[in-house]
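Asks: A predicted structure for the sequence below; I have some questions about it.
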Amino acid sequence: MSHRYTMILIFSLPCLLLFGFVPASQADDRYWTGTTGDWSTPANWGGTEPTSSDDAYICDGGTAKLTQLDETCFNLYLGGSGNEKSSTVEMTDGALNVGWKTLVGSLGTGTFSQSGGINSTENLSLGCDAGCEGTYNLSGGELSSDYLFIGNKGIGTFVQSGGTNFTKEETWLGVQHGTGTYTQSGGTNETRLLYLGTLSGNGTYNLSGTGQLISDSCTLGSSLSSGTFNQSGGRHITNTLRLSNGGSGVYNLSGGELVVGTPGGTESELLVGDKASGKFFQTGGSNTIHGTLYVSQEGTGMYSLSGTSQLYANMEMIGDTSSGRIGTFTQTGGTNETNTLQIPFGTYTLQGGTLVVSSIVASDLYAIFNFGGGTLKANGNLNTTLPMTLTGAGGDANVDTNGYAVTLAGWLYGSGGLNKLGAGTLTLASANTYTGNTTISAGTIKLGSAASLASGAIDVADGATFDVSEVSGGYNLAAGKTLKGGGTVRGNVTIGGVHAPGNSTGIQTVEGDYNMLGELQIELAGTTPGSGYDQVLLSGSGDYNATLGGTLSLDWTGFGDSSEETQLWIVQNDTNGILTGRVRQLRQRLVAGRPRRPGVVDLVRGRRRGRRLKRRQRRADKSRARAIDAGAHRHRGHRSVGPRPAPAEPRGAVMLRRQYGRQIGRCFRPAWKLTSNVNFAPGLPRANAHGLAHGEPRGQRERGSKRGLRLAVKWPSAVLRRSRARALC
């Protein structure tokens with residue numbers, strides 16, 4: 001038998017008991033006289049107070065006040081029995097025992113207000129017929145019943161600000177085209193089964209303040225009905241929460257606490273979209289499920305998590321493969337923590353907040369994971385094949401490995417970027433095609449043997465690692481892509497794009513073969529590697545080789561005044577490998593200048609070419625002991641020439657040599673001396689630009705292994721003052 005028909009039969013039995021099968025009795029009818037007075041006064045009942053076998057009618061207006069113990073009747077009709085006058089019962093103390101049923105709003109309008117005492121009845125119904133309205137106000141005392149109907153064909157309202165409402169069996173809101181509303185801001189409401197909307201009815205529960213609702217099961221929207229639960233505070237405890245069961249159910253959680261199940265107890269579940277439409281909107285508060293959250297279970301379900309919400313579930317199931325129902329989970333804020341996330345047939349969209357998970361199990365064909373702006377945080381070692389779309393909506397996708405080993409073996413694609421957070425290692429094992437940037441803020445991103453990245457830029461923070469050691473054939477940074485930042489790059493790397501070490505200025509370590517074919521961008525702002533200028537540090541425990549080529553681009557706008565020659569190692573080789581190659585081009589109008597001593601080459605900046613420069617160079621050859629000052633202001637530059645002691649070279653260093661007899665000329669800017677173990681060919685667009693060749697001057701021999709690429713810099717003060725007034729680049 002289906003859940004729907006089971007529910008209808010359960011409902012039909014109390015209805016028949018309540019309205020059809022009334023136990024036989026020798027009952028007399030006692031009518032309230034319409035005055036305002038004490039229940040226990042016989043005159044207010046026409047001379048005889050009701051007994052346990054009498055039916056009491058308060059339907060001609062007036063107010064009956066209950067303050068005494070042992071008040072009783074068999075049935076109580078409030079505001080009905082053939083007229084439409086409003087009638088009221090006020091209970092402040094004492095005890096009332098109704099043997100069978102209490103009907104508030106029977107063929108009229110009735111109100112029962114309780115601030116103290118004990119009111120007990122078998123069945124309590126508010127709004128018992130079409131056009132009738134019944135209201136119960138509970139602010140103190142105790143109310144107990146077996147069955148509670150709020151809005152049974154009519155309009156029923158229950159308002160609880162305090163006290164205790166205990167329903168032994170079932171509570172129904174909105175039955176048989178009726179409308180039922182329960183508003184609780186305090187006190188305790190406990191029932192075994194709670195139904196909101198049944199048989200084309202409409203039920204609404206509003207929970208706020210310090211109210212507490214306890215039930216074994218809660219169902220929103222049954223049998224073509226609608227049920228809505230609005231919780232802005234208080235606490236709702238249930239073992240099973242179902243949205244819906246053949247109708248439409250909506251739960252709005254903006255504050256307070258929802259608890260489904262108990263730790264270590266029987267299996268509990270929250271079903272959103274059970275055989276019909278269910279929607280759960282959580283904008284605040286906490287939802288703790290000691291069992292399973294189902295989004296779409298033989299129905300259409302949707303869960304929305306936003307704001308500062310807290311959601312915890314032992315397991316979450318998005319979609320139902322057996323019924324072909326698609327589940328949808330959208331997270332734009334808050335925290336969702338689960339041990340296991342299963343997406344057999346659904347969509348999870350993470351655009352904000354944090355998803356904390358230990359395991360992800362998903363169908364490669366029917367699971368969709370849209371990722372942008374939020375954070376996926378591991379709560380254990382995690383390996384998933386789930387494909388992910390990096391949407392860029394709300395920002396880059398953040399993955400916090402949280403000290404664990406996380407492997408994303410599924411395809412990562414889309415226009416968004418990826419940001420690695422936290423300690424631990426994130427392994428990307430697929431040929432990923434997402435085009436946004438990849439940022440390694442902490443820990444390690446590791447590429448598997450068949451993995452690749454299409455990111456526009458890869459930014460490695462200080463202390464972080466980009467591990468490409470397992471990439472078959474080494475990692476190739478394609479043209480148009482950028483590798484930048486600090487930290488460590490582990491593995492063999494070929495730079496076809498741009499390598500910009502340092503965050504502003506900094507050191508990036510390469511542990512592996514380094515092949516520079518693209519552009520090396522270096523920022524110079526001081527004399528200390530890392531804090532003063534960018535450096536590529538070739539390091540590691542192995543023997544790694546480096547090959548330099550491509551373009552060298554220098555940014556010296558932040559460099560200060562220096563009257564002494566300073567050596568800057570922009571490529572430092574701390575391994576036993578060999579550094580070879582040729583830098584083929586210079587940026588920022590850098591050209592090779594005339595050597596001032598054997599084995600030394602200057603790099604200078606210039607704006608104009610001309611014969612005047614060549615004449616000045618010939619004059620410098622005749623008098624190396626003096627500087628060329630004549631006409632310096634016309635060419636906006638300065639260059640010191642003449643002999644000077646050669647600085648001590650590190651053991652194994654090989655300097656740049658220049659073929660004598662040729663000179664490349666431009667108007668001089670501040671001079672740079674480049675000493676290196678590499679061939680250097682500026683590649684200037686001039687027919688007579690022969691460049692520099694690697695070799696050894698006659699009678700001189702270099703010893704040892706290669707060390708690195710070094711710049712020797714001197715900025716005369718006069719030149720700095722003149723050049724700062726005009727942009728150099």
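Replies: Thanks, I have it.
Asks: do you know the pLDDT at the residue lying farthest from the centre of the chain?
Replies: Using CA atoms, centre = their mean, the residue of the chain lying farthest from its centre is residue 47. It sits 71.9 Å away. Residue 47 carries a pLDDT value of 94.
Asks: need phi/psi at it.
Replies: phi 110, psi -20 (degrees, to the nearest 10).
Asks: what residues are up against the residue lying closest to residue 185 once chain neighbours are set aside?
Replies: Nearest residue to residue 185, sequence neighbours excluded (CB to CB, 6 or more residues apart in numbering): residue 209, at 3.7 Å. Heads up, the C-betas are built off the backbone N, CA and C, glycines and all. Neighbouring residues of residue 209 by CB atoms under 8 Å, 6 or more residues apart in numbering: 161, 184, 185, 186, 233, 234.
Asks: likewise for residue 360?
Replies: 340, 341, 342, 343, 382, 384, 386.
Asks: what are the ranges of the helices in this protein?
Replies: Assigned by DSSP state H, the helices in the chain fall at 3-15, 611-622, 632-635, 717-723.
Asks: compare those and say which comes out lowest on pLDDT.
Replies: Taking the mean pLDDT of the helices of the chain, helix 717-723 comes last: a mean of 29.
Asks: which strand of this structure spans the most residues?
Replies: strand 226-245 (DSSP state E).
Asks: ok, residue 525 - how many residues close by?
Replies: By other CB atoms under 10 Å, the residues close to residue 525 number 18.
Asks: list the contacts for the residue nearest to it when sequence neighbours are not counted?
Replies: Computed as CB to CB, 6+ apart, the closest residue to residue 525 that is not its neighbour in sequence is residue 558, at 3.5 Å. Applying CB under 8 Å, 6+ apart, one finds that residue 558 lies in contact with 523, 524, 525, 526.
Asks: same thing with residue 422?
Replies: 377, 400, 401, 402, 403, 442, 443.
Asks: kindly recompute the last result at 10 Å.
Replies: 375, 377-378, 398-404, 406, 441-443 (CB atoms under 10 Å, 6 or more residues apart in numbering).
Asks: for PyMOL, what selects the buried ones among the residues you listed?
Replies: In PyMOL syntax, the buried subset of these is picked out as below (16 or more other CB atoms under 10 Å):
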select buried, resi 375+377+378+398+399+400+401+402+404+406+441+442+443
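Asks: ok, the contacts of residue 422 vs residue 217, which is closest?
Replies: residue 377 (32.8 Å; CB to CB).
Asks: which residues does that closest one bridge with?
Replies: residue 356, residue 400 (DSSP bridges).
Asks: surely it and residue 420 touch.
Replies: No - between residue 377 and residue 420 there is no contact under CB atoms under 10 Å: 11.8 Å.
Asks: contacts only, for residue 293.
Replies: 241, 260, 269-272, 280, 287, 301, 303, 311-318, 327, 329, 336, 338, 341.
Asks: show the pLDDT at it.
Replies: So, for residue 293, pLDDT stands at 97.
Asks: repeat that for residue 588.
Replies: 47.
Asks: equivalent analysis for the one 3 residues further on, please.
Replies: Looking at residue 591, its pLDDT reads 41.
Asks: just curious, which of the contacts of residue 209 is nearest to residue 567?
Replies: For the contacts of residue 209, the nearest to residue 567 is residue 233 (68.7 Å; CB to CB).
Asks: and the pLDDT at that closest one?
Replies: 99.
Asks: before we move on, what about the one 3 residues further on?
Replies: Here the pLDDT value assigned to residue 236 is 98.
Asks: check residue 394 too.
Replies: So residue 394 comes in at 87 (pLDDT).
Asks: same check, this time on residue 458
Replies: What the model reports as pLDDT for residue 458 is 98.
Asks: in the protein, what spans have low per-residue confidence?
Replies: Judged against pLDDT under 70, the low-scoring parts of the chain cover residues 1-26, 80-84, 265-266, 559-566, 575-729.
Asks: let's go with 50 and repeat that
Replies: 1-21, 24, 83, 563, 588-613, 621, 623-706, 712-729 (pLDDT under 50).
Asks: just the contacts of residue 558: which are in strands?
Replies: Judged by DSSP E, these include residue 523 as members of strands.
Asks: relative to residue 214, which of the contacts of residue 558 is nearest.
Replies: Residue 214 has its nearest neighbour among the contacts of residue 558 in residue 523, at 65.0 Å by CB to CB.
Asks: got the contact list for that closest one?
Replies: Residues near residue 523 by CB under 10 Å, 6+ apart: 500-502, 504-506, 532-534, 553-559, 570.
Asks: drop anything exposed from these.
Replies: Buried among the contacts of residue 523 by 16+ other CB under 10 Å: 500-502, 505-506, 532-534, 553-556, 559, 570.
Asks: from those, pick the one nearest residue 216.
Replies: residue 506 (61.4 Å).
Asks: any idea how far residue 362 is from the residue lying closest to the closest one once chain neighbours are set aside?
Replies: What sits nearest to residue 506 in space, not counting adjacent residues and going by CB to CB, 6+ apart, is residue 486, at 4.2 Å. Here the distance between residue 486 and residue 362 works out to 35 Å (CB to CB, to the nearest Å).
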